[in-house]
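>>> Any chance you could fold what I've pasted below:
(one chain, ligands or ions: 2)
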Amino acid sequence: MIIGVPKEIKNNENRVALSPAGVQALVKAGHRVMMENNAGLGSGFTNEHYEEAGAEIVHTAQDVWGMADMVMKVKEPLPEEYAFFRPGLVLFTYLHLAAEETLTKALLEKRVTAIAYETIQLADRSLPLLTPMSEVAGRMSVQVGIQFLEKPKGGKGILVGGVPGVSPGRVVIIGGGVVGTNAAKMAMGLGAQVTILDINPERLRELDDLYGGRLQTLMSNSYNIETAVKQADLVIGAVLIPGARAPKLVTEDMVKQMSPGSVIVDVAIDQGGSIETIDRVTTHSDPTYVKHGVVHYAVANMPGAVPRTSTIALTNVTVPYALKIASLGPGAAIKQDPALALGVNAVNGALTYQAVAEAHQLPYTPLDKAIG
Ligand SMILES: NC(=O)C1=CN([C@@H]2O[C@H](COP(=O)(O)OP(=O)(O)OC[C@H]3O[C@@H](n4cnc5c(N)ncnc54)[C@H](O)[C@@H]3O)[C@@H](O)[C@H]2O)C=CC1
Ligand SMILES: CC(=O)C(=O)O
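Ligands and ions are numbered 1, 2, ... in the order given. This next block holds a predicted model:
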């Protein structure tokens, strides 16, 4: 199979879909890998690194998309890339289609086989291709949040760890999965008072067993969210219902009750966001805006700011699936691997992920019917 890797074009997206190690694994298995010129530079990988690993360097994005049987990317295609879609093309990348109606329709219209990293799901319900980027974004959410709590950055001027004789700051994390747990670890490490809310009592028990005493766990309901949010210096949105639009858990009224200069980092923005006052996706070059006196951060590609770490971590988990798709062919790979099958959001013009169909009120077709 020919695997194409274009350069990412989203604002400040410096990750790339394959590291040289990933290229080498695919080439050794008998595949050809076409890298767009300088696609890896943002992650510190040169054309020479890729050529040594066995890749061929291709000069334009159009050539990469045109020659490849499977395109591997990091972020969802942007409108200027939709023209490259064609029937039978396999697109393997983050898609977040529940928040991307136009992209969903373009993939259906062009009959692309669209496999989303973030909905590949193992039997234990974990999301192996989302986990490493959630680890990155969870850790970054605290790093980013504490910067914007500083006065010169528009915040209320709080050092979250406090100092002897002064209370530490309060960090409230909504969602206790991978993002939430990684955020909690960072915030606890800095000495903040940490509260984490989740809707799953089992998850709250696990968190209590792991960190009991160092963090407060709370059942996620509107009463507890309101109470916690109004006292928070930093709120981190970290919920996920796989494949679906994020529920709006923090209402505009709750935001109005926060003290001026507090900060909200909504990591769940890639699935549409969990905060009512977040009405736009922000970018690394213009990451925040202020509403009701509260700093809002809603960057949908947070790991793009630490591309070296993120590209390597992403390639570690995507390559085994890419090898399976390339070696067996997409149809057989999907039939053989139920986790991979859950990644298929669209095929042959049919929308095969129910939560995405519900988000856009489009018809849903079960995968077995769509692939025959
Ligand atoms: N902005 C960015 O750059 C990035 C965003 N993300 C996003 O972060 C979000 C979280 O991802 P993960 O932590 O990996 O997911 P996860 O599945 O590990 O955790 C999600 C948690 O949310 C909980 N939850 C669901 N409904 C809830 C509710 N009503 N109240 C409280 N908790 C609720 C679940 O029980 C689960 O524990 C996803 O949307 C993911 O795509 C991940 C990486 C980068
Ligand atoms: C998960 C995702 O969308 C990202 O890492 O950018």
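>>> Please make it C-alpha for all contacts and neighbour counts, starting now.
Fine.
>>> Quick check: which helices or strands does the lengthiest helix in the chain pack against?
Longest helix of the chain, by residue count under DSSP state H: helix 307-328. With contacts defined as 3 or more Cα pairs under 8 Å, 6 or more residues apart in numbering; DSSP states H and E, the packing partners of helix 307-328 are helix 20-28, helix 131-148, helix 330-336.
>>> Now that helix: average pLDDT?
Model confidence over helix 307-328, given as mean pLDDT, is 98.
>>> which of the residues in it are buried?
Residues 307-319, 321-327 are the ones in helix 307-328 that count as buried (16 or more other Cα atoms under 10 Å).
>>> pretty sure Tyr82 contacts Leu108?
No: checked against Cα atoms under 8 Å, the pair Tyr82 and Leu108 is beyond contact range at 11.3 Å.
>>> Look at these two and report which has more neighbours.
Neighbours around Tyr82 and Leu108, counted as other Cα atoms under 10 Å, are more numerous at Leu108. The numbers are 21 against 14.
>>> Which residues of the stretch 101-250 of the chain lie near ligand 1?
130-131, 133-134, 137, 174-180, 197-200, 220, 238-241 (Cα under 6 Å from any ligand atom).
>>> Output those of those residues also counted as contacts of ligand 2.
Leu130, Met133.
>>> Now, the residues of the stretch 101-250 of the chain next to ligand 1 that are in helices?
Thr131, Met133, Ser134, Ala137, Val178, Val179, Gly180.
>>> related to what we said a few turns ago, out of the helices and strands packed on helix 307-328, the one nearest Lys291 is which?
Among those, the nearest to Lys291 by Cα to Cα is helix 131-148 (13.9 Å).
>>> quick one, the closest one and helix 307-328 angle?
160 degrees (axes from the mean of the first three to the mean of the last three Cα atoms, to 10 degrees).
>>> what about helix 131-148, distance to the chain center?
Centre-to-centre, helix 131-148 and its host chain are 12 Å apart (Cα atoms, centre = their mean, to the nearest Å).
>>> Give the buried residues for that helix.
Neighbour-count burial for helix 131-148 [16+ other Cα under 10 Å]: 131-142, 144-148.
>>> Show residues contacting stretch 274-294.
11-12, 237, 239, 246-252, 255-256, 258-264, 266, 268-269, 295-302, 305 (Cα atoms under 8 Å, 6 or more residues apart in numbering).
>>> Report the buried members of the residues you listed.
By neighbour count, with 16+ other Cα under 10 Å, the contacts of stretch 274-294 hold 12, 237, 239, 246-251, 255, 258-264, 266, 268-269, 295-302, 305 as buried.
>>> what residues does this structure put near ligand 2?
So the chain meets ligand 2 at Tyr94, Leu130, Met133, Asp270, Ala300, Asn301, Pro303 (Cα under 6 Å from any ligand atom).
>>> check contacts around whichever residue of the stretch 51-200 of the chain sits closest to ligand 1.
Residue nearest to ligand 1 within the stretch 51-200 of the chain (Cα to the nearest ligand atom): Gly177, separated by 3.2 Å. Gly177 sits next to Arg203, Ala238, Val239 when contact means Cα under 8 Å, 6+ apart.
>>> Kind regards, and thank you for your time.
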